[in-house]
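Visitor: Structure here, sequence nowhere to be found:
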């Protein structure tokens, strides 16, 4: 749905799901899965944290191929021209994210190989979302405005929505008594 200038709404078709909404949907699905299978939720979340960055890599490469989430006009030598959009060279924000997420996958997997005992503590889940959403926050500076109301904002909606995920990721990595209340092993 799109809000029109005359105050009415118009159905414009199905559009992409923001990564923030996707993470919330994934968390609900994991909670339901854990509840039904009796597998501790933090074990599932940590395993997802270990592998999900590679999935995010391919999602952003798909966004690149579909000319979605385009970057700001730039003169950097590696700029892309998204012919479906216009003829201006733009930051390939999708590629920046894809490369970041691929790097994060190898970092998290390397940590996992040395610290397998941390699976089930929330550490890998926290590391994953902290890294992904810090990158997302920073890379948003290279992206074009996606909705008109973001014009003139200090931080865009993607950045504002990333902040709670960054905080959650750091808090989950640190752990503590509150993690025990949520079912995780407390270090």
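Guide: Structure received. Not measured: the values here are computed from a predicted model.

Visitor: measure residue 114 to residue 107 for me?
Guide: 11 Å (Cβ to Cβ, to the nearest Å). Heads up, the C-betas are built off the backbone N, CA and C, glycines and all.

Visitor: Strands of the protein, start to end?
Guide: Ranges of strands in the chain, per DSSP state E, are 2-3, 9-10, 80-81, 89-90.

Visitor: Between residue 114 and residue 107, which is the more surrounded one?
Guide: Taking residue 114 and residue 107 together and counting by other Cβ atoms under 10 Å, residue 107 has the greater number of neighbours (14 against 8).

Visitor: Was I right to think that one contacts residue 132?
Guide: No. Contact criterion Cβ atoms under 8 Å: residue 107 and residue 132 do not qualify, at 11.4 Å.

Visitor: which stretches of this structure have low pLDDT?
Guide: For the chain, residues meeting the criterion pLDDT under 70 lie at 1-3, 11-20, 147, 178, 180-187.

Visitor: Residue 128: neighbouring residues, count only.
Guide: By other Cβ under 10 Å, neighbour count at residue 128 equals 28.

Visitor: Also the one 10 residues further on?
Guide: A count of nearby residues for residue 138, using other Cβ under 10 Å, gives 14.

Visitor: Residue 141 now?
Guide: 13.

Visitor: quick one: it from residue 134, how far?
Guide: Noted for residue 141: a distance of 12 Å to residue 134, by Cβ to Cβ.

Visitor: Equivalent analysis for residue 105, please.
Guide: Shown here: residue 105 relative to residue 134, a distance of 15 Å by Cβ to Cβ.

Visitor: How about residue 27?
Guide: Residue 27 is 19 Å from residue 134, by Cβ to Cβ.
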